[in-house]
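# Test case, fold it:
(one chain, ligands or ions: 1)
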Amino acid sequence: MLELSSDLKERIAAAGQLHVLRFFDELDDAGRKNLLSQLADIDWEALPELAKEYVLHRPETVIPDDLSPADYFRLDDSDNFDLYSDADELGKELISKGKVCCLTVAGGQGTRLGFDAPKGTYPIGPVTNRSLFEYFAGSIKRLGEKYGVVIPWYIMTSPINREATEKFFREKGFFGLAEKDVFFFTQGTMPAFDLEGKLILSAKDSLALAPDGHGGTLLALRRSGALDKMARDGSEYVSYFQVDNPLVDVISPRFAGLLALKKAEVGAIVLSKTGPFEKLGNFCISKGRTQIIEYSDLPDTLAERRNDDGALLFSAGSPAIHVFSRNFIERLTAGNSLKLPWHRADKKIPYLDNSGNPAVPDAPNGVKLESFIFDALPMAAEVVLLEGDRARIFAPTKNISGVDSVESCRRMISERNAARLAAAGVIVPYNAEGVLDAVIEIDPARVADDEDAFTVAGEMGLCRILPGQKVVL
Ligand code: UTP
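Got it, this is the predicted structure:
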């Protein structure tokens, strides 16, 4: 029978967490092995301070006195015409030389969507139900063909959804990509606390563990060997996007090119906020450093403050689309460690009652801690912010219906496709209110940009879409 070492037991006791062992004697070898491996991963010496700082107290985000809005390169900016054409050119060159890879973070639990499988497998295609993953895979494949290059794709999963994610890719034949060009890696986890700062058991042989947030990406890239692979492959820039946004440009030549031109370590896409309380992080500057302040942390008075022309002062919102220079990730994670602040979320966490029976709370009973990737921005020597065109690049799938939902995302997919086809000369039906009156899905493996849409519409001889029509290209 596997036994607990006295050293580990002492460390757990010193952290005031001996209750996690209360069913240990009842466990068989497999159960003991599971629990012991989880316990071995915990920094017991740091735990009491962590619980004190983030669980027993509710940390308040300190808003710096000198906080000001971050400036950014505007979408339509005639002053920067030359800069943007240089960036376009350089970006295309970087892609064709194989210097840009893609990174999707897909380790989240997607609780708001309430979908019992990895979020990337969600059938989002408005006509064919193709999955979120297929959107990215198709676009990566198409870009690779266009630029005559292999674009490596890194996908971060959590220990909870890794297996199901890989299985999905195998079942789908990797969507036509070569298996060797898709690199899965797993992020770390954090144990959940109850409101008294005690770790929660989810089973007799398991702590309640949750993924450690998208901030875990950077260290997970190093620990998994992904960073080494990037270096071997010559990938110098990492195009980062979330698994829930099928409209994203998996690589934007202009964005990557601008980062390189400006010799910046991190790039971030900016969207002009739709209102003071839109749920996007806010790009701000303090002490000369760019940072993002979460929508929930920006005081209302600041969120609502306006310039003389009536525009929001803090208008720059983050859709979580970035480019990182690989050197920046190397530098940040050197020594195999990276300290990002933790963010607290109060959640309903299934637990074991005193008799060891599983129980599901009906109100938040515990705390999960996550780190956020954007907390790395102030650590960059140079950050470049570029405005993106919301309707073309951002349709987050967070909920089933309403704002940022499956519904809105499907509609936006159709609308972007309609705009692309209209630009290619196809007549597209709109009703009297100006709302698109068709559902249009385009295979991302055929069309990665407006140029492709033009070619495909031409090849198909597509001139007109009829009202109410469902179209698949
Ligand atoms: P969200 O903040 O939307 O979280 O993640 P979520 O887990 O997907 O959804 P909810 O909040 O439970 O409803 C934004 C992106 O970051 C990834 C997600 O997969 C998504 O692409 N993420 C989040 C991770 O990869 N790991 C995490 O620990 C958290």
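
# Could you use CA atoms for every contact and neighbour count after this?
Noted.

# what residues does this structure put near the ligand?
Within the chain, the positions near the ligand by Cα under 6 Å from any ligand atom are 105-113, 211-214, 242-244, 398.

# and if we set it to 5 Å?
Selection of the chain residues close to the ligand by Cα under 5 Å from any ligand atom yields 105-112, 211-214, 242-243.

# which other residues reach the biggest helix by length in the chain?
What stands out as the longest helix in the chain, according to DSSP state H, is helix 406-423. Helix 406-423 has contacts (Cα atoms under 8 Å, 6 or more residues apart in numbering) with 124-126, 246-247, 391-392, 395-402, 427-428, 436, 438-442, 450, 453-454, 457.

# And the helices in the stretch 201-350 of the chain?
Taking DSSP state H, counting those that start in this stretch as the criterion, the stretch 201-350 of the chain contains helices spanning 217-223, 226-233, 253-261, 300-304, 326-333.

# CA atoms of the last one as CSV?
Taking Å, rounded to 0.1, in the frame of the first residue of the first chain, the C-alpha atoms of helix 326-333 are listed here in CSV:
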residue,chain,number,x,y,z
ARG,A,326,8.8,34.5,-28.3
ASN,A,327,11.7,36.2,-26.7
PHE,A,328,9.3,37.9,-24.3
ILE,A,329,7.8,34.6,-23.2
GLU,A,330,11.4,33.1,-22.9
ARG,A,331,12.5,36.1,-20.7
LEU,A,332,9.4,36.1,-18.5
THR,A,333,9.5,32.4,-17.8
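
# Tell me which residues of that helix come out buried.
326, 328, 329, 330, 332, 333 (16 or more other Cα atoms under 10 Å).

# Farthest pair within those?
326 and 333 (10.8 Å; Cα to Cα).

# right, and the helix or strand after the longest helix of the chain?
strand 439-441 (DSSP states H and E).

# That next one - contacts with which helices or strands?
Contact here means 3 or more Cα pairs under 8 Å, 6 or more residues apart in numbering; DSSP states H and E; on that basis strand 439-441 packs against helix 406-423, strand 470-472.

# for those, which one ends up most surrounded?
helix 406-423 (a mean of 21; mean count of other Cα atoms under 10 Å).

# The stretch 1-150 of the chain: helices as residue ranges?
Using DSSP H, counting those that start in this stretch, helices in the stretch 1-150 of the chain cover 6-14, 29-40, 47-50, 81-96, 132-147.

# Name the helix or strand of the protein that has the lowest mean pLDDT.
When the helices and strands of the chain are scored by mean pLDDT, DSSP states H and E, helix 450-460 comes last with a mean of 90.

# Quick check: buried residues in that one?
In helix 450-460, counting by 16+ other Cα under 10 Å, buried: 452, 453, 454, 456, 457.

# Identify the farthest-apart pair in those.
Pairwise over the buried residues of helix 450-460, using Cα to Cα, the maximum falls at 452 and 457, 8.5 Å.

# ok and the longest helix of the chain relative to helix 450-460, angle-wise?
Interaxial angle, helix 406-423 versus helix 450-460 (axes from the mean of the first three to the mean of the last three Cα atoms, to 10 degrees): 70 degrees.

# who's in contact with the least confident helix or strand of the chain?
Applying Cα under 8 Å, 6+ apart, the contact partners of helix 450-460 are 420, 421, 423, 424, 426, 446, 447, 463.

# Please apply the same query to stretch 232-252.
Under Cα under 8 Å, 6+ apart, the answer for stretch 232-252 is 91, 98-106, 119-120, 132-133, 135-136, 139-140, 230, 256, 320-327, 392-398, 413, 448.

# Contact partners for the residue in the stretch 301-450 of the chain positioned nearest to the ligand?
Of all residues in the stretch 301-450 of the chain, residue 398 sits closest to the ligand, at 5.8 Å by Cα to the nearest ligand atom. Going by Cα under 8 Å, 6+ apart, residue 398 touches 110, 112, 113, 244, 404, 405, 406.

# Tell me the most packed of the residues you listed, by neighbour count.
Ranked by the number of neighbours (other Cα atoms under 10 Å), the contacts of residue 398 place residue 244 first, at 27 neighbours.

# Tabulate the helices of the stretch 201-350 of the chain (JSON lines), appending mean pLDDT.
Output for the helices of the stretch 201-350 of the chain, formatted as JSON lines (pLDDT from 0 to 100):
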{"stretch": "helix 217-223", "mean pLDDT": "98"}
{"stretch": "helix 226-233", "mean pLDDT": "98"}
{"stretch": "helix 253-261", "mean pLDDT": "98"}
{"stretch": "helix 300-304", "mean pLDDT": "95"}
{"stretch": "helix 326-333", "mean pLDDT": "98"}
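
# Residue 172: which of those helices is closest?
Per Cα to Cα, nearest to residue 172 of these: helix 226-233, 23.1 Å.

# That closest one: how far from the chain's middle?
Between the mean C-alpha location of helix 226-233 and the chain-wide mean there is a distance of 21 Å, by Cα atoms, centre = their mean, to the nearest Å.

# quick one: it to helix 326-333, angle?
Going by the same axes, to 10 degrees, helix 226-233 makes 150 degrees with helix 326-333.

# hang on, isn't residue 133 packed against residue 118?
No. The criterion here is Cα atoms under 8 Å, and residue 133 misses it with residue 118 at 9.9 Å.

# Neighbour count: those two, which is higher?
Remark: of residue 133 and residue 118, residue 133 carries more neighbours, 27 against 23, as counted by other Cα under 10 Å.

# show me the contacts for that one.
Here residue 133 is in contact with 120, 121, 243 (criterion: Cα under 8 Å, 6+ apart).

# which one of these is nearest the ligand?
Lowest distance from the ligand to the contacts of residue 133 (Cα to the nearest ligand atom) belongs to residue 243, with 4.0 Å.

# And for the nearest residue to that closest one once chain neighbours are set aside, the neighbour number?
Leaving aside its sequence neighbours, residue 243 sits nearest to residue 106 (Cα to Cα, 6 or more residues apart in numbering; 5.3 Å). Residue 106 has 26 neighbouring residues, counting by other Cα under 10 Å.

# Give me the pLDDT for residue 207.
With respect to pLDDT, residue 207 has a value of 97.

# repeat for residue 354
Looking at residue 354, its pLDDT is 85.

# Assign it to helix, strand or coil.
When classified by DSSP: H, G, I helix; E, B strand; the rest coil, residue 354 comes out as coil.

# what sits against it?
For residue 354, the contact set (Cα under 8 Å, 6+ apart) is empty.

# so how far is residue 27 from it?
Here residue 354 is placed at a distance of 16 Å from residue 27 (Cα to Cα, to the nearest Å).

# ok, residue 303 touching residue 314?
Yes. Residue 303 lies in contact with residue 314 (Cα under 8 Å); the separation is 6.3 Å.

# which neighbours do these two share?
residue 276.
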